[in-house]
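Visitor: Mind folding the following:
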Amino acid sequence: MGNNIARQLLIGLDAMEWNLVERWAAEGKLPTFQRLLREGLHGELKTTSAQLPDTVWASIYTGTNPGKFEKYFYVQYDPSTGNLKNIPDDAIHGVPFWEYLSESGKRVSIVDAPKFPLSRRINGLHLTNWGAHATKTARASSPESLLADIDGLFGHHPVGDCDAVDEKPEALHDLRRRTLAGVRLHGELFRWLMEKEPWDIFFAGFSAPHCIGHHFWHYMDPAHPRHDPLDPHKLNDTIEVIYRALDDEIAKMLTLAGNNIQCLVMAGHGMGPLYHASWNLTEILDLLGYGQGPKRGLITQKSRQAQANSWRLLKMILPSKVQYAIKAVLPQRLQDELIFRWYAGERNWAGRRAFAVPNNDSVGAIRINVVGRDKYGVVQPGEEYERVCRDISDALYEIIDPVSGRKVVKRVTLAHQEFQGPYLYQLPDLTVLWDQSFPWDSVQSFRLGTLHLRRQDARSGSHSPHGFFLMHGLGVPAGRAVYGHSIYDIAPTVLQLAGVPIPSHMDGKPLALSAIFATPMSGG
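Guide: A predicted model of the protein is given here:
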């Protein structure tokens, strides 16, 4: 590439599902994505969504694994107190790629990057949490005056808290309307900022796929138990409508950016149906003999209704407007306690060898009570710890859906084998990726007996471990798929494209750009 370094347009698509993108692009419903696939480079990305879905964006920005930054979820287990704590995005002190770019003299514009705080040093502009989904940091900007300018010109993003919505069709119609308006407004904002100030690297984050996937999956998915093919409320095409609007806004951004750029479109995880037993993991561990009291033994003939958290059931029944009105008048301490009870009930974890801790619902998380690490530690580190992890993993892989006979656990990950870094101690010891490719609502094994699960989620969609990228523009070969990359590779790739050294602590590696850019462009 020589010294003629092209500008980079980076577009983040929060929880956009790769399978849907491929399908609808092939059908001509997403013409911009169809063109990017035909004229550029693309590939799936290995992602931390298979273990810790809330870490994907921080891993993308920093090029590091979750053991190297302070937050894996906004509600985390605290080994020093044996309780839960609320962790905002501001706790993350990992250095994102745009700060390395800024230090090197590159001019950057970072707009609504999900789930990350405002940069401490920036050469350009940075806007946080204007329209980003579930981002736990302040609405803020650098320079500070930028946010007021944006609010004056564009107002507030129309979606707000995506989960402050009921399941009633009229409420979902309103959410659909506001989400579509939010896509259009995001596109207008991004293009305004693209023209407002000069930039070498511009990052724009669209959060609409995240919100819309959580609440509308069953309307789209014919296999979902709550799907109605008659579509009486005219909501079945909602996800497609939002994806097509995003496709249109990306096209406008590409046109505005011109030809002398490289565009990198990315998603750290996707979206799919929500079938899981995360809410019943502590009960499952108790039945396996890892709870309080003596091991219960084999209960092969036992069939029972699984326990349900009354706080979650109440949240499903109580109208969202009432919930948020109550929340508004409570002090933060009580707000936190309600969230903690919603995730983990009474949290009587003393005396247990293993128990469930909060994580994104599509992936269960388990903590081992280790002596010297956890306040209520009972399992010795070393050989006993390894034996407990292996036994729990083996027992989870035995669990099936009693109706179909299919296994319901897709992957158990031992964190100390997958991740490394100074914050490894605060991660769950095991994570459980449930198989969400078919509907199931019971679990069964020789050791457990049969547990019939009760629905405790208002959402019908949750995260899939499908990350992807598309690269298009100056020097990028046409129609090539590449394999074997992960979300850790995005930051090193951006830095290398900009001619900036890659820090040695990053876990990713750049795409094989020397080979890619040595290949002449073809087709298109």
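
Visitor: Please tell me I have it right and residue 304 contacts residue 448.
Guide: No - counting by C-beta atoms under 8 Å, residue 304 sits too far from residue 448 to count as a contact (9.8 Å). The way it works is simple: take the backbone N, C-alpha and C, and place the C-beta from them, glycine included.

Visitor: So, low pLDDT: which residues of the protein?
Guide: The model of the chain has pLDDT under 70 over residues 1-4, 293-301, 513-524.

Visitor: again, 50 this time
Guide: The chain contains residues with pLDDT under 50 at 1-3, 297, 300, 518-524.

Visitor: more crowded one of residue 304 and residue 448?
Guide: A count of neighbours by other C-beta atoms under 10 Å puts residue 448 above the other of residue 304 and residue 448, at 23 against 13.

Visitor: neighbours of the residue lying closest to the more buried one once chain neighbours are set aside, just the number please.
Guide: Distance criterion C-beta to C-beta, 6 or more residues apart in numbering; nearest residue to residue 448, sequence neighbours excluded, is residue 287 at 5.2 Å. Neighbours of residue 287 under the rule other C-beta under 10 Å: 23.

Visitor: how much space between residue 287 and residue 445?
Guide: 9 Å (C-beta to C-beta, to the nearest Å).

Visitor: What of residue 481?
Guide: 39 Å.

Visitor: okay, those two: which has more neighbours?
Guide: residue 445 (23 against 9).

Visitor: My guess is the more buried one contacts residue 397. True?
Guide: No - using C-beta under 8 Å, residue 445 makes no contact with residue 397, being 9.3 Å away.

Visitor: Let me see the ranges of the strands in the stretch 251-400 of the chain.
Guide: 261-267, 270-273, 303-305, 354-356, 363-368 (DSSP state E, counting those that start in this stretch).

Visitor: List the pairing partners of the second one within its sheet, with orientation.
Guide: In other words, strand 270-273. strand 461-464 (antiparallel) (DSSP bridges).

Visitor: CA atoms only for the strand it pairs with - export them in CSV, please.
Guide: Output in CSV follows, covering the C-alpha atoms of strand 461-464 (Å, rounded to 0.1, in the frame of the first residue of the first chain):
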residue,chain,number,x,y,z
GLY,A,461,-34.5,-13.5,20.9
SER,A,462,-31.0,-13.5,22.3
HIS,A,463,-27.4,-13.7,21.2
SER,A,464,-25.8,-16.2,18.8
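
Visitor: ok now that strand, how far from the chain's centre?
Guide: 9 Å (C-alpha atoms, centre = their mean, to the nearest Å).

Visitor: which other residues reach that strand?
Guide: Residues outside strand 461-464 that contact it (C-beta atoms under 8 Å, 6 or more residues apart in numbering): 15, 17, 19, 49, 53, 213-218, 269-274, 276, 360-363, 436.

Visitor: now these: which count as buried?
Guide: Neighbour-count burial (16 or more other C-beta atoms under 10 Å) is assigned, among those, to 15, 17, 49, 53, 213-218, 269-274, 276, 360-363, 436.

Visitor: what's the strand or helix carrying residue 149 packed up against?
Guide: With secondary structure defined by DSSP states H and E, residue 149 is part of helix 145-154. Judged by 3 or more C-beta pairs under 8 Å, 6 or more residues apart in numbering; DSSP states H and E, helix 145-154 is in contact with strand 124-128, strand 140-142, helix 169-196.

Visitor: deepest of those, which one?
Guide: Ranked by average neighbour count under the criterion mean count of other C-beta atoms under 10 Å, these are headed by strand 124-128 at a mean of 24.

Visitor: contacting residues around it?
Guide: Here strand 124-128 makes contact (C-beta under 8 Å, 6+ apart) with 98, 102, 107-113, 116-119, 135, 137-143, 146-147, 150, 193, 197, 199.

Visitor: And those residues, which of them are buried?
Guide: 98, 102, 107-113, 116-119, 135, 137, 139, 141-142, 146-147, 150, 193, 199.

Visitor: Helices of the stretch 351-500 of the chain, residue ranges please.
Guide: Using DSSP state H, counting those that start in this stretch, the helices of the stretch 351-500 of the chain run over 383-397, 415-418, 490-497.

Visitor: buried ones in stretch 283-292?
Guide: Buried-residue list, stretch 283-292, by 16+ other C-beta under 10 Å: 283-291.

Visitor: same question but for stretch 332-342, I mixed them up
Guide: Within stretch 332-342, judged by 16+ other C-beta under 10 Å, the buried ones are 338-342.

Visitor: Please name the bridge partners of the closest residue to residue 277 other than its chain neighbours.
Guide: Residue nearest to residue 277 in three dimensions, not counting chain neighbours: residue 443, with 5.4 Å by C-beta to C-beta, 6+ apart. On the basis of DSSP bridges, residue 443 is bridged to residue 451.

Visitor: Can you get me a residue count around residue 443?
Guide: With other C-beta under 10 Å as criterion, residue 443 counts 23.

Visitor: Return the set of buried residues in the helix or strand hosting residue 19.
Guide: Here residue 19, judged by DSSP H and E, is contained in helix 18-26. Residues of helix 18-26 classed as buried by neighbour count (16+ other C-beta under 10 Å): 18, 20-22, 24-25.

Visitor: Next: stretch 484-498.
Guide: Those would be 485-498, for stretch 484-498 by 16+ other C-beta under 10 Å.

Visitor: Which of those sits closest to residue 511?
Guide: residue 493 (5.0 Å; C-beta to C-beta).

Visitor: and the closest one, what does it touch?
Guide: Counted by C-beta under 8 Å, 6+ apart, residue 493 has contacts 264, 508, 510-511, 513.

Visitor: now swap in residue 151 and tell me
Guide: Counting by C-beta under 8 Å, 6+ apart, residue 151 has no contacts.

Visitor: gap between it and residue 36?
Guide: The value you get for residue 151 to residue 36, if C-beta to C-beta is used, is 32 Å.

Visitor: what's the answer for residue 69, then?
Guide: Taken as C-beta to C-beta, the span from residue 69 to residue 36 is 30 Å.

Visitor: More neighbours: these two, which one.
Guide: Counted by other C-beta under 10 Å, residue 69 and residue 36 do not tie: residue 36 has more neighbours, with 25 against 22.

Visitor: Output the helix holding residue 149 as CSV - backbone C-alpha positions only.
Guide: Taking C-alpha atoms only, helix 145-154 is exported to CSV below (Å, rounded to 0.1, in the frame of the first residue of the first chain):
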residue,chain,number,x,y,z
SER,A,145,-19.9,20.9,23.5
LEU,A,146,-20.6,18.4,20.7
LEU,A,147,-23.4,16.6,22.6
ALA,A,148,-25.3,19.8,23.1
ASP,A,149,-24.9,20.6,19.4
ILE,A,150,-26.2,17.2,18.4
ASP,A,151,-29.1,17.3,20.8
GLY,A,152,-30.0,20.7,19.4
LEU,A,153,-29.9,19.5,15.8
PHE,A,154,-31.1,15.9,16.1
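
Visitor: distance between that helix and the chain's centre?
Guide: 28 Å.

Visitor: for stretch 55-68, same thing?
Guide: 11 Å.

Visitor: End to end on it, go ahead and measure it.
Guide: The straight-line separation of the ends of stretch 55-68 (C-alpha to C-alpha, to the nearest Å) is 11 Å.

Visitor: which parts of it are buried?
Guide: For stretch 55-68, by 16+ other C-beta under 10 Å, it's 55-68.

Visitor: Same question for stretch 233-252.
Guide: 235-236, 238-247, 249-251.

Visitor: try stretch 377-384
Guide: Per 16+ other C-beta under 10 Å, stretch 377-384 contains these buried residues: 377, 379.

Visitor: neighbouring contacts of stretch 89-101?
Guide: Residues contacting stretch 89-101 (C-beta under 8 Å, 6+ apart): 58, 61-64, 68-71, 108, 110, 113, 115-117, 119-123, 126, 135-138, 200-201, 203, 490-491, 494-495, 498, 500-501, 503.

Visitor: just how off-centre is it within its chain?
Guide: Worked out by C-alpha atoms, centre = their mean, stretch 89-101 lies 18 Å from the chain centre.

Visitor: now swap in stretch 103-123 and tell me
Guide: Using C-alpha atoms, centre = their mean, the offset of stretch 103-123 from its chain centre is 20 Å.
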